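# build the 3D model from these lines:
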Amino acid sequence: MFRALVVDKDADGAVSAAVRELPLDSLPAGNVTVAVEYSTLNYKDGLCMGGGGGLVRAWPHVPGIDFAGTVEASDDPRYAPGDKVILTGWRVGETRWGGYASRARVAADMLVPLPEGLSTHDAMAVGTAGLTAMLAIIALEDHGLTPDQGEVLVTGAAGGVGSVATAILAHLGYGVAAVTGRPETEGYLRDLGAARIVARADLAETVKRPLEAETWAGCVDAVGGAMLARLLGQMKYGASVAAVGLAGGAALPATVIPFLLRGVNLLGIDSVMRPYPDRLRAWDRIARDLPLDRLRAMVRPATLADLPELGAAILRGQVQGRVVVDVTA
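Residues are numbered from 1 along each chain as shown. Modelled structure (predicted):
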């Protein structure tokens, strides 16, 4: 038997979530079984627990798009019992059972080894959010970003992606301008290394002029929508924006002028289906470039029983930093 947070939907469409004991033979097919130690909380997890977003296709369901733990059994030569592993993405926790359980069974291709220097707890403090942040920073650097070029803007900075991006960029010597709409998070963001706080209202206006003063050398954008359209016109010549989210909406009410007259680059960042070599590169950089003291300072602990309430809170934008779930507690 194993413990899991099980989400179910009744005949009337009402969704409920509860911690249950389940038999091991209820796990989905896969060639690696993992004793899960920690998971985390993402926006998608909130959607899955609330029945929204159309992500869950079959009920009952075990959410959790991330997990880290120890291999218990493996039919794949790449992994042996006792190996520490991480899973993020691949639509685990959406279309198949995920990490909100003390056991998980997946394909070996979905796993990566735990990097040296990180614990399974650290890995889930990073999770999909931190992996996405690192992929965004790598993309910006691959397009020429260096610390001497000026400030880097991080929108949605107090969220999961934004928090990790702020901490990594500051550690690498970048001047970080952190955007937040919550004044109570300013001290938190400065502790992560933000050099400047930008009020969300300063970027909330819709585009009035296609080009504004050249301000930002790069940007990690978790908001999208009107804010992304606005900041495109504020990028320096040849600068890039790494788009990682759509908290402000999926529409992009922008013009092509920043691309044509300033050579601005808009880089789409996906972590769900990212190829294995890219994942290894990003996790290696995380182990090297994310200061663990700042990582641990952004963590809020939780158990499986806490998740329904936290899932609703993250959908309301009320979760700061990273939630690490001890699935054994």
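
# now the helices for the protein?
For the chain, the helices defined by DSSP state H cover 43-50, 120-142, 160-171, 186-192, 225-232, 257-261, 276-289, 292-297, 307-315.

# which one of those is the most hemmed in?
Counting by mean count of other CB atoms under 10 Å, helix 160-171 has the highest mean neighbour count of the helices of the chain, with a mean of 28. C-beta: built from backbone N, CA, C; applies to glycine.

# counting contacts, what elements does that helix pack onto?
With contacts taken as 3 or more CB pairs under 8 Å, 6 or more residues apart in numbering; DSSP states H and E, helix 160-171 sits against helix 120-142, strand 152-154, strand 176-180, helix 186-192, strand 216-221, helix 276-289, helix 292-297, strand 322-326.

# so who does E94 touch?
Residues in contact with E94 (CB atoms under 8 Å, 6 or more residues apart in numbering) are K44, C48, L55, V56, P63, I65.

# touching, the second one and V7? I think so.
If I follow you right, that is C48. Yes: counting by CB atoms under 8 Å, C48 does reach V7; the two are 6.5 Å apart.

# joint contacts of these two?
V56, H61, P63.

# nearest spatial neighbour of Q320, skipping sequence neighbours?
Computed as CB to CB, 6 or more residues apart in numbering, the closest residue to Q320 that is not its neighbour in sequence is A158, at 5.3 Å.

# gap between the one you found and T120?
Distance, A158 to T120, by CB to CB, to the nearest Å: 25 Å.

# hang on, the residue nearest to Q320 packs against T185?
Yes: counting by CB under 8 Å, A158 touches T185, with 4.0 Å between them.

# more crowded one of these two?
A158 (25 against 21; other CB atoms under 10 Å).

# from V15, how far off is D148?
As judged by CB to CB, D148 and V15 stand 51 Å apart.

# of the two, who's got more company?
Shown here are D148 and V15; by other CB under 10 Å, V15 has more neighbours (17 against 9).

# just the pLDDT for G52.
For G52, the model assigns a pLDDT of 69.

# can I get the helices and strands packed on helix 160-171 in CSV including mean pLDDT and distance to F2?
Output for these, formatted as CSV (pLDDT from 0 to 100; distance: least, CB to CB, whole Å):
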stretch, mean pLDDT, distance to F2
helix 120-142, 97, 17
strand 152-154, 98, 38
strand 176-180, 97, 39
helix 186-192, 96, 35
strand 216-221, 98, 37
helix 276-289, 97, 26
helix 292-297, 91, 28
strand 322-326, 96, 15
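
# reformat those as a markdown table; add distance to L267.
Shown next, in a markdown table, are the helices and strands packed on helix 160-171 (distance: least, CB to CB, whole Å):
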| stretch | distance to L267 |
| --- | --- |
| helix 120-142 | 5 |
| strand 152-154 | 13 |
| strand 176-180 | 18 |
| helix 186-192 | 23 |
| strand 216-221 | 10 |
| helix 276-289 | 13 |
| helix 292-297 | 24 |
| strand 322-326 | 23 |
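
# of all these, which lies closest to T33?
Comparison of the helices and strands packed on helix 160-171 against T33 by CB to CB identifies helix 120-142 as nearest, at 15.7 Å.

# CA atoms of the closest one as CSV?
Extracted C-alpha coordinates of helix 120-142, given in CSV (Å, rounded to 0.1, in the frame of the first residue of the first chain):
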residue,chain,number,x,y,z
THR,A,120,15.8,15.6,-3.0
HIS,A,121,14.3,18.4,-0.8
ASP,A,122,16.4,21.0,-2.6
ALA,A,123,15.4,19.5,-6.0
MET,A,124,11.7,20.1,-5.1
ALA,A,125,12.4,23.6,-3.8
VAL,A,126,13.6,24.1,-7.4
GLY,A,127,11.0,21.9,-9.2
THR,A,128,9.4,22.8,-12.5
ALA,A,129,9.4,26.5,-11.6
GLY,A,130,13.1,26.6,-10.9
LEU,A,131,13.9,24.5,-13.9
THR,A,132,11.9,26.8,-16.1
ALA,A,133,13.7,29.8,-14.6
MET,A,134,17.1,28.3,-15.4
LEU,A,135,16.1,27.4,-18.9
ALA,A,136,15.0,31.0,-19.4
ILE,A,137,18.3,32.3,-18.1
ILE,A,138,20.3,29.9,-20.3
ALA,A,139,18.2,31.1,-23.3
LEU,A,140,18.9,34.7,-22.5
GLU,A,141,22.7,34.0,-22.2
ASP,A,142,22.7,32.0,-25.4
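
# right, I'll leave it there.
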